[in-house]
Structures are given as C-alpha cells and as structure tokens.
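Trainee: Compute the structure for the input listed below.
(4 chains)
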Number of protein chains: 4
Amino acid sequence: MPGRNHLYVPGPTNIPDAVLSAMHVPMEDHRRPDFPDLVAPLLTNLKKVFRTEAGQCFIFPATGTAGWEIALSNTLSPGDKVLSYRFGQFSHLWIDLAKRLGLDVEYEEVPWGQGVPLDKLEARLRADRAHEIKAVLICHNETATGVTNDLPAVRKAIDAAGHPALFYVDGVSSIGSLDFRMDEWGIDIGVAGSQKGFMLPAGLALLGFSQKALKARESAKCKRAFLDINDHIVHNAGGFFPYTPSIPLLYGLRKSLDLLLEEGLENVYARHARLAEGVRRAVAAWGLKVCAQEPKWYSNTVSAVVVPPEFDARDVIHTAYYRYNLSLGAGLAEVSGKVFRIGHLGDLNELSLSSAIVGSEMAMLDVGIPITPGSGIGAASTYWRETAPAIKPRV
Amino acid sequence: MPGRNHLYVPGPTNIPDAVLSAMHVPMEDHRRPDFPDLVAPLLTNLKKVFRTEAGQCFIFPATGTAGWEIALSNTLSPGDKVLSYRFGQFSHLWIDLAKRLGLDVEYEEVPWGQGVPLDKLEARLRADRAHEIKAVLICHNETATGVTNDLPAVRKAIDAAGHPALFYVDGVSSIGSLDFRMDEWGIDIGVAGSQKGFMLPAGLALLGFSQKALKARESAKCKRAFLDINDHIVHNAGGFFPYTPSIPLLYGLRKSLDLLLEEGLENVYARHARLAEGVRRAVAAWGLKVCAQEPKWYSNTVSAVVVPPEFDARDVIHTAYYRYNLSLGAGLAEVSGKVFRIGHLGDLNELSLSSAIVGSEMAMLDVGIPITPGSGIGAASTYWRETAPAIKPRV
Amino acid sequence: MPGRNHLYVPGPTNIPDAVLSAMHVPMEDHRRPDFPDLVAPLLTNLKKVFRTEAGQCFIFPATGTAGWEIALSNTLSPGDKVLSYRFGQFSHLWIDLAKRLGLDVEYEEVPWGQGVPLDKLEARLRADRAHEIKAVLICHNETATGVTNDLPAVRKAIDAAGHPALFYVDGVSSIGSLDFRMDEWGIDIGVAGSQKGFMLPAGLALLGFSQKALKARESAKCKRAFLDINDHIVHNAGGFFPYTPSIPLLYGLRKSLDLLLEEGLENVYARHARLAEGVRRAVAAWGLKVCAQEPKWYSNTVSAVVVPPEFDARDVIHTAYYRYNLSLGAGLAEVSGKVFRIGHLGDLNELSLSSAIVGSEMAMLDVGIPITPGSGIGAASTYWRETAPAIKPRV
Amino acid sequence: MPGRNHLYVPGPTNIPDAVLSAMHVPMEDHRRPDFPDLVAPLLTNLKKVFRTEAGQCFIFPATGTAGWEIALSNTLSPGDKVLSYRFGQFSHLWIDLAKRLGLDVEYEEVPWGQGVPLDKLEARLRADRAHEIKAVLICHNETATGVTNDLPAVRKAIDAAGHPALFYVDGVSSIGSLDFRMDEWGIDIGVAGSQKGFMLPAGLALLGFSQKALKARESAKCKRAFLDINDHIVHNAGGFFPYTPSIPLLYGLRKSLDLLLEEGLENVYARHARLAEGVRRAVAAWGLKVCAQEPKWYSNTVSAVVVPPEFDARDVIHTAYYRYNLSLGAGLAEVSGKVFRIGHLGDLNELSLSSAIVGSEMAMLDVGIPITPGSGIGAASTYWRETAPAIKPRV
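Mentor: Okay, here's the model as predicted:
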C-alpha cells in the first residue's frame, strides 16, 4: 500500500527518525573499557525523566511486563499483602502478575472509566492498623480506558492514613509523557517501558527505585535471577550490565532521552496535554464521549472513544486499518467493541494527529455512525490554532 | 520540533521507508563483474515506466535540469530552431537553458494557469514549410502552476501539420505519476528526475530516447562531455556506466521501480488522480480556486491554490512551516505571493494528504483568510470515502 | 578513530548489513490483524534452525540469561534436583541461576579447558535409581574456554543409564553455528540468544521445547510470570505475543533466519569449522595453545588463546583495542589474564577473520610475546586457500 | 556470501557508518527558509579541506567527470590552448574531455608509472612567449598508476617561467587524503568527487575556484547550463542551490567534513602516508614492485602492484573477488593485466587494510605467483607496529 501506515495505537509509538538512525549502528563489545561512557549518562538522564535524585534507575533488556515483576519480586516475599485497584486491562494484568508471583493481592473492582477511589484507599489503609499491606500498586495511566490517576492525591491518602506501605506505580504509558515526579510524590518504584513515551521499540524495562524500595530487597524472598536488580547494582556501578544488553536500544535510548530533555519535560507534558485536548474536542464535536467518566481522569496520552451502542467499535478499527491504513487501538476485555482508542503520545505534532482524527471520522462514517464530516478535525484544529505559540512574522 | 515535518512540496517528495532502507548499503565496486546484475534490470524497468519498447533509457548521476540539457545537447546543433511555450517557471527555465546552449528558441508567452495552445502550435508548424523547427519542447506538467498538458493532442497537432520535428517532453513532475506513454504518443525524448514520482532524492536524471532521437545525435554539434549519451550507450551495453554512479541511488531506484510496477502504473495514475481530486474538492469547499484555469489542465501531481488578492500566499507558507511543521510549495516568479502549492505526488495516501489540507486550512485561518474550519478536509474526505475500494468485512 | 572497529568477541557478533537494514523500520501495531504474517514464519523457521519438528519454539523479548531461567522455571519446582558440570564461566552462571531459583543443583567441578566427563555423567545417572535427578543441564559450547561438548554422547550416556531426566542444553554460543539437532539428539530444551549465531543484537531469548518438556510444565511450581511460556503458547497460536514484542528484532530475526537457511545449515556449520581451523593453525604457528585441552573439545565458534605464563593476556586485549581498534574477548574468572579469546562465529569470512589474527599477532608482539610476524596468518591463510571452493576461471 | 565484501578499489571508498546513518534521513524541502543553516557551513568547511580562504567552493549534484568539465567550460572558450600530460587513464580522460569541449589541448605522452616532467613543463611555458597557453591541467594523483605529482614544484615551474596560465588540478583521488593546498600552492581550480577521500557515494562534484579562475569566467565562451557556476554563485549566496540538490548527500557531506576536520587534515594525510607505506612494505616483501617508478611519485592513496610478466593481473583480481570477496582495482588501458590496484584511502585503519594485503597474497598464490605466505602482511604489520602511537598502559 502506498504511503505510510498511520500509527495511533497507544504504544508502541512512532519512533522519531533520529532515534531510528541512532539505533542503526554496527555491533560493539559490551565489555569494552570505554563502554561506561555510553552507559553512565543513560542512567543519569533516566533519573531526570523519572524525576528522582535520591533514587536509582535500572535498564533491563525486557519489557514493561518484566518491569512489573522486577518491582514486586525484588522487594516482596511470597504471601506479602499488596493493595490495588482494577479499572482496566493493564491494572488487571499487574494484579494478575502479582498473584502469579505468590503475593496476596487485595484489590477492588472499579468501573472501567473511573480511577482509583482515593477515599476508599485512605480508609483501607487506615483500617490496616497492623500494616499488613506492604505495598500499594497503582496504575498511573490506564491505557485501556484512557484514565489517569492523581498520584499526589494517592500519596496524600497514604500519608493521611499514616501507613508505611511502599508506593509502586505502573508508569508505562505515562512516564516521559505525563507529569510524573518520583521524589516529590514519594513514589517508591516507577515502572516504564521503552515503547511509549520513550519513543523506542519495546525491549527495555525502565525502572526507578527509591532508597526505601532498595532497602526492601534485603528481606525480599521472591525468587529472581534474570530480573534481579542486585546484579545490575553491582555492574551498573562500573558502567556495565550483568549480561549482554541490547546495544542498539541503548543508543536509541540515549537519543530519546536527549530529545526529551532538550524539549524540556514541562514542555513535553504541555505538548501532550494540548494535543490530547484537541482530540477530546474532536470527540465532543462528533457528539461522542470518551471512556473516562470525568475530566479529572482524562488521559493526555490515550483517548478511548465510546461508539454509540448500536455499533461495534471493532468495525471502525477494521475499516480504518484496511481502508485508510490507520492503526487505532482496540477496546480490550470489558470494553471490547465499545471503544476504539487513539494513542496520542510520543513523537507527535498537530498535523500528524490530524490524520488520526480524520481517519477515525472516515471510518466511523463508513460503518454508519452519524457524524458530520470535518466536524471533529474542525474542532481540534480550532483549538490547536488558538493555543499554538506565536511565530515571528515573515520578513 | 517533535513529530515529523509534513512535506507537501511538489518535489522532492516523501521517500518510502523501503526505499530509504534500500539506499542504506555499504559501498561497492562499480566495476565488479556482477555489477550488471544490478544495472540491466534497472534499464529494463525504466523503459516500462517510460512506456517505451522501441526506445532506450538512460540514468545520469545528475538532476532534471541536466536532463533538459542532455535532451538538447545530444541531438541538436547551435543555431537550431526549437519551438516552445512559456506558461510557468519550469517551462521558462527549459527555454532559458536552450538559449544558453546556443539554440534558436522560438516561444510564445501563455498566461500562467493555461497550457499549450494546441491550435496555435499546429498553425505554427504548418507555417514552417521549410521545416526549420527541429524540435518541439513541451513541459508535460508545469509544476509552478499545476497545469498538465494533453500530450496526445500535441502529437496530433504535429502530425496534423505533417511536421517532422522531434517531440521532447519535460516529464519531471509527471513520469511515474501521470499517464505518460512514450511510444504510443510518439515522444522522442522524455525527461524525468528521481525526486518526484520516483520517490527518491534528487541526483538522477532519467531519460528515454526514441530511435529517431538517437539517430539525431549523429549530426548534433552541441558540445557535450559529461552529459554525452554516447558513453552511456557504450558502457550500458555491458551493464556498466562510463563513470562512477551513485550506487545508493541505483539501489533506491531498483526499489522504487519495483514499488511502481508492483502497484501497477495504471493504479499509480488512478491513485494520483483520486488523491488530487480530493484536494481540489477541499479548495472548492474553501471557496477558492486553483491556478489552472480549466479542468482540462488540472494537474494530478500538484495544485496551486490561489489566495484571495488581499492576502499574500507567502504568509500562509511561512505560517504553515513555522507553526505547524508543514512544508508547502511557494508561488514562483509571476505567481509569487499569489499561490501556495500542495504537492500530491509520490508515496502518499489519503490520511497523509489530510495533514496537508488540514494544515493549509489552519495556516490560512491564521493569516485571516475567511474559510470554515474543517470544510476543506470534510469535502476531501467525503470524496475519498465515496471512492475508496470496498474491503472485506471483519470476521 | 578512522576505520571500523574489528569485533571478534564471541558475542555479540557482527550484524550483517542486510539485518541492520531489516531492523530499520517504522514502528507498527503488534496487534494489527495481519501481524501473524510476520510471526508465524518466524516460529516455523526457528524450528528448522533448532532442528525440531516435534517440539515448539519460543521468542522472548529478553536475553540468553532469561533463556536459562525460562527453561528451568517453566518445567521444575523448587527443591528439584538437577545435575550439571562447571567447566567455565557460563556453565558456572547457569548453575548459579538454578540455585537462585531454589533448585537443588548437584554439579561437579571440571578443569577449565575440559568438557563434560561422559563416563561420570553416566555413572551418576545410573546411581540415581530413585530418579531424583529431574534434569541434566549441559552447556553445549562453553564460551569462556572454547570447549564444545559432544551432545549425542551425552544423550547416549543418559540412555545407557536408562534415566528419564530431562536434557537441557545451553546452546547460546552454538545454535545456528555448530551442529545442533534437537529431535535427533533427544534434547528437551535448547536455549539460544539472538546475539551470537543469529547475528542480531541481544534482546531475544530463543528456545526450543520438546513435548516432554512442555508436559513437565504442568507440574512445575517455580513462580514465573514474564517468563511463563504458557502465555506465549496461548498467543503464539494466533500469531501474536502476550506483550509488546521488539518489532525491529523480529524483522531482524526474519532476515537472519533467511540468511541461515539460504546458506544451508550444513554449510553454516562447515564454514564455522573451516574458519575456526584457520585460527587454530595460526595459534599453532605462533607456538601457542588454545585453552581446550583436546581436539575433541575444540570449539568452532570461539578460541581461547593461552598466553605464555610470564605475560598477562589482559595487556594483549588492552593493546589490541586501544592501538588497533580490535575487540578481543577477555579471559573470565579462573582464566582471567591467562587467555584472550577470538570469537569466530556469525557473519564472517576468511578476510574479516584475518584482521583478528593479524591484530592479535601485532598486540602480542607489542607486549613482548615472542612470535614471528606473519606466521599466524600465513598458516591460517594457507589452510583457507587449500580448502577454499574452486571458482570458475575468468573468461 | 557470508561476511562483508572487502572493498579496496581506489574509489568508491568505504563509507563510515556514521556517514551512512547521516544520509538516512526523511526528505525535506530544499527551499525551506532554514535550509541555509545546512548549506552555509558545508561551503565553509569545504574551503577548509581545499585549503583556500581566498577562493570559493562549489557543490554540484554530479560526479568528478562533471567537475573536470565545470573547471574548463566555466573559464575557457572553444579553441583556447591548454597544456597537459598523459600518464595514466585519468589524465587521459581529462585530456579527452577537454578536446570534446573544443579546447586546443597540447599534451605530452609520459610513460605510465612516471609523473609530470617538471623541467619540460617549465621549458614549454617559457617557450610560450605569447602566452597562448591559457591553462595547465595537472592530475594530482593518477589513480590508474598510483603516481602522485609534486604540485608545489608545478607551481614553481609556472612561476619560474613567468607564465600567467591558470593552474587546474584534478584532485579527485587526492583532496581530503593527500596534502593539497589551494591558496599556498596557487592552484586556480581544484576538482574533487565525493566518492574518494570524502568517503561518500559518488554524486557530488566538489570544486574550489580561485579569484583568478572566477574572473576568467567573465570571458569564457564555452556553452554551459547545468554546469554553470554562475547560478550557484547567485543561489549559494543565500544558502540555496539553483536546482534540487541531493539532500542525503549534503547530510553525508556534513558528516564527512566533520570527520575530516575533527581528525585534523594533517593527521588525515599522515594516516594515509603511514597506511600506504605498510602496503609498499608488503609489496617489497613479496618481491614485487609498484607501478610508480620512483619513490617521489609513490601515491599514498593507491598502489598499483605489478605482477610478474608471465601472469595476468586480471586473474588475481578475479580470484580475489570470487574466492575471497575482496574487491581490488583493475589495471586500466595500457596497464590492463599488468597491475592490480589496492586503494588505501578514506575510512581505513591498519587491520582493515590487512584484509586487502592478506587477500591479495592469497589470490596471487592461487594463480601461481611465487610468494611466501604471510610475508607481505608480516612486513606491513611490523612497520605499522613500529610507527603506531603509544597508548596508555592498562590500569
């Protein structure tokens, strides 16, 4: 098919050309004496993106799923109680993984489209006078529903309850795109993957550990080997890895970290917020709603668009892909067929995202959803025009 | 700036990723004994795109400008009379180049926005009873105004006049995108460049010569050396080139020829026509006009959009570039400030072209041109939806 | 530094340009409906390289270290007894990993430079009348010492003892380079990584499981989540993965499998054997020895060259790297300072390997090891000339 | 065939990976307002490599052959007398091209293997009292024979004769590799191509013009259009080109200029001299001679190795290519069959060049030339070891 595929799933995201080129390198020896010149700045810059000075970051040759496991297995023991909330496919999967590791997972079902019930969280922690709950597991941005949780409020709830639980965050679809501050918000472990805001292929699990989390590993009895951070701590100190890293991904990460830090994290967050608002204006102009039930939960990295009940969102996705070469995200599990998702994170600007809006509109019209042609993009582009930075006039 | 640049100048065009990768090769010896395995199929496939079986194609490590010169200097002598028409910047430049080579160029000024006046052409040739006119030079698609000429009608005019003049065509922004048939339409030389329909960087002048044109070189006295086809004829016979070729471009050309022939030339032409019509629907929905004055001249590779007289099109282009990372084509020479151009040729699909329409709309609104947000893309996408091929339903 | 680095560590190995280009692709949706068109042939072709029809192959976004863990954790339970031999750093590390997973590892120390003592293996299995030993763990090719074990003989020993133990093989530096036949040799799990014979960056753990091994997972109680093959079995059936795969590596793997199968596995093995013999001839011409104590153990993927006792091999490696841009493998653990290693696996030919031999010679001379300049490469090149295939004469 | 091709023709040369990656870029608009940010530094840095402050450099989307024509056609008129010497295929070709342009070329035949006869040159210029000779054309480095001329001595001869002739130099296989100083040596035009010392694909003709040469164009009557520097002077002033440039090559040139200037031109020259001397030591150790008859003419970019008269050098080249994947340069025209050429220019180090020496040795032995295996590389590597810079000891 001529022309590019238009990729708007909420990860893996579009890779900037500069990152692709940075990864196109001949192989090299990961034990060469000057290899630390590559590795050390990566770990330093990663801490900047995780917003931690006190903590330590890790780069595993694995994926975000492994990241979830690294967080748990390195700091907890079988039978330990953890508290979580299930409000989408990814919060579900982390809970499932914790169970498989033998943890005692207490979790509450939350309607998909809502976020963590902060009052209940606080109440539950208050009730846990024996401090049996060792860790609270929160999915920052539920990629399946486009719901973002208020992490400072979670921190506040934990503190209000005076509870010593560790605070673990799945930041896979948030870190590097949405405001995320490990130290300031008292997050003990943040988990990211390379294929979302870091604009890389999948293949790296990126983690930040607070000193409290690092200390927890001393008593952690979960079995671990490949995913043991201890070997990384030992080898990272010298600028190396305990086993062969994926060297192209390290070069890609170097470039993507440079891109993020050169743009400035605050600017990155603002860009995501502005682009996302355009998408939501389009959805409103179509007369539709996003899955997130309240503005406080609106995600700036992904919007799950709810189709009218008489239609199947899978037809929209199918039509978009086969007719217009547009990749939209599917509704997963409970929201399958009910929503299609537009990912708006990573290396994007207004006009690239326009393709996603125009294509969604065309596919919805094709399957019969009654919307006005041009209405969505008209609303989005008007918003973007109103909020675009001024430019110097032509001389 | 995050996100890609949206490139919609009418050349150089977007390079498909597969072509970019095909050009990313280690260097090799252009005199290796099996080098002809690369070269011979290129020359064969090039003939298919030029639609010639009787003629011969050439690949020069140069540009379309060189192609114009190759056509003239290899077949004509200083002082030879040639006939042409000036109706845009590129027809102008070819005329200018012919003059520099010492040819006696007779040309008529045609209002920019119109094409070759066929009746006048025929009349002029009929009047040339002494057959002093050695060649007729026609720009197939005037990239500056978005005007396409009817080449079969030109052929018919020459034939009707019973004139033996050679028929040379500038096909730089048409060959590989618009219907072009060397043998069937009796074209003696067709000139193309790599950076338009061939979806490559600039750096190759691609030419087709008829047997009549090849014969003309026997008496041609224009001085030539680097651009002499004779050395190519000698070396191409063995599958080589007379001097070092740009090997990455040859690999890129191999891939782009494969892409064009796999899609099928008729499909390529139809795709360009359909995408272009969408752009024209957008222009009409904005209440504007293209520079081409009549539908018979509408170009399917580039549309020059005329802005209302109280605005300067250069402001639209400036705004599109600096505010939305959209590259539009400028108005050149006589139409500078009056038009902006949307290139719609090469590796494109509906949604990529949507970015150009949406971005043009945003930039026009920003400079104050009163159009309705979403109107252009609404009209274009409606047309594209109506004409998109049916797909298999989801199973 | 001008010129390329000459990479001759025994992994990661040189990546063919065609593979590098194959990985340079825009990102895509790993849930697109036609994604199985990419995945299914990978799994099929991987089985060809593992030489299994009865078994099943897996592709994990991880490394060879993870591969070791996948083998054990999916089929065994904490406390299960496994039998192994420690004769180099990598056989050591697998044993260490097995212990961390809570297995009861019984292993024998073997002098580094020797391989598995087949008679003792058989005797130990015979003695295990209760069949407490659940699995035998054998490192096919010990990368640290350049020792290759005779896997059919291991199989024979197990069979001779009439023991039902599973037979697990670390084939990280052998599969795809050395003769390896899962079905024929009754191997229950073979573990490979992408960065050796598969000529890719690290980042994929590649495994083959026999039906017996697959069945073993039903009772396996080791905790596992990210590394659980069960999710792969479920998703691979449809041509998908349970979590986001590293898509560039999949495209790279497609290309490297094509390269291996086009060359023909028997030819690949023979090429490695012939190139390796050249290196050994060079070592002999230098008057030195390889670490492998007997020809039956000579590895065709890596040679560990023992330097005279009065020298430190680390000086040779240091000089080679900083003075001649040559990366040699270091001696690890017990053989640190005693050997330097030349990796000769993957995408290599005679003349590329010549650089490694010439550079080793230069570096040894620089540190004072008394060898004759040109002696090593003279011996190697003579052997390669004598064994090179005949070519057609020049016409 | 597994493993890389070993490319040692004297151009096109090996492209550094960093340059290949620099060229792998999406297409862009060559008329974008910030395009001069790319172009202007290129022209500035090019002047540094040509060693001119007073002159002006040009970048044409063409080849070195075009460069020869650009030099002549922009500064001379048909019938103008020029003086040259023919001592190899490339000095021959430039003379031939000058004739085709209608110049009156006076040239002397010099035995191939020798360089310009300086005394005769001076005598001829002295004899030209009427100053009919408008330009002296000297091939700096004759790529066919491996002969380098002493340009300062040529300048001295012109000055000694008190002759005002322009001094034009073919520096295609010297500029960027051998010492070349436009201003200091009073060179009026230097011609280079991208595919030699600039380590790029062919596709750029690079030229330096002195003010005297720029002035000469005012009276030059050779017809020119595509190759007219006037359009470049006009457009380069603003940071643009008169027609579409090959944008990937511009990015590649940016990188290659950076590499040359970062290494330092004096270091680049010294590296070429040292590597070349190693090759010559190898030739001597084989008991053979290079084509250049005296050390003063030895080229540091290419060595033409003379095979014993009873052998055909084409068999060596054929065997090297088909048996060992080594590309050597053929003997051209008068020296066809008598020599094979090893190019040693561009992105090279000792160990890469070792492959060429070892492979040449193997191929010569295969065709029966009686040399001692290892002798050539032994001599070369001994020289390189003796002259390698000291390194810091291992800590």
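Trainee: isn't residue A:219 right up against residue A:77?
Mentor: Yes: Residue A:219 is within contact range of residue A:77, at 7.0 Å (criterion: C-beta atoms under 8 Å). Placement of C-beta: from N, CA and C, glycine included.
Trainee: More neighbours: these two, which one.
Mentor: residue A:77 (15 against 10; other C-beta atoms under 10 Å in any protein chain shown).
Trainee: what's the burial count for the residue of the stretch 51-200 of chain A found nearest chain B?
Mentor: Using C-beta to the nearest C-beta, the single residue of the stretch 51-200 of chain A nearest to chain B is residue A:199, 9.1 Å away. Residues lying near residue A:199 (other C-beta under 10 Å) number 30.
Trainee: Report pLDDT for it.
Mentor: On pLDDT, residue A:199 comes in at 98.
Trainee: how close does residue A:92 sit to chain D?
Mentor: 39 Å (C-beta to the nearest C-beta, to the nearest Å).
Trainee: where along chain A do the strands fall?
Mentor: A:6-8, A:56-60, A:81-86, A:104-109, A:133-139, A:141-142, A:147-148, A:166-170, A:189-193, A:205-209, A:289-290, A:302-306, A:326-330, A:339-343 (DSSP state E).
Trainee: Dump the last one to PDB, keeping only the CA atoms.
Mentor: Just to be clear, that refers to strand A:339-343. C-alpha atoms of strand A:339-343 as PDB (Å, rounded to 0.1, in the frame of the first residue of the first chain):
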ATOM      1  CA  VAL A 339     -14.400   1.800  22.300                       C
ATOM      2  CA  PHE A 340     -11.600   2.500  19.900                       C
ATOM      3  CA  ARG A 341      -8.500   4.200  21.200                       C
ATOM      4  CA  ILE A 342      -6.500   7.000  19.800                       C
ATOM      5  CA  GLY A 343      -3.000   7.000  21.200                       C
END
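Trainee: ok, the nearest residue to residue A:279 once chain neighbours are set aside - contacts?
Mentor: With sequence-adjacent residues excluded and distances taken as C-beta to C-beta, 6 or more residues apart in numbering or on different chains, residue A:279 is closest to residue A:303, at 5.0 Å. Residue A:303 makes contacts with A:146, A:276, A:279, A:280, A:283, A:290, A:292, A:341, A:342, A:344, as judged by C-beta atoms under 8 Å, 6 or more residues apart in numbering or on different chains.
Trainee: The fourth one: how many residues sit nearby?
Mentor: The local packing of residue A:280 (other C-beta under 10 Å) involves 24 other residues.
Trainee: do residue A:266 as well
Mentor: Neighbours of residue A:266 (other C-beta under 10 Å): 9.
Trainee: Please report how far it lies from chain D.
Mentor: 25 Å.
Trainee: contacting residues for that residue?
Mentor: With C-beta under 8 Å, 6+ apart, residue A:266 has no contacts at all.
Trainee: now residue A:105
Mentor: When contacts are counted by C-beta under 8 Å, 6+ apart, residue A:105 touches A:81, A:82, A:84, A:95, A:98, A:99.
Trainee: Pull the most distant pair out of the residues you listed.
Mentor: Taking every pair in these and measuring C-beta to C-beta, the maximum separation is 12.8 Å, between A:81 and A:95.
Trainee: Which one of the two is surrounded by more residues?
Mentor: Using other C-beta under 10 Å as the criterion, residue A:81 and residue A:95 rank with residue A:95 on top: 21 against 17.
Trainee: my guess is the more buried one meets residue A:138, correct?
Mentor: No: if you go by C-beta under 8 Å, residue A:95 and residue A:138 don't touch, sitting 11.3 Å apart.
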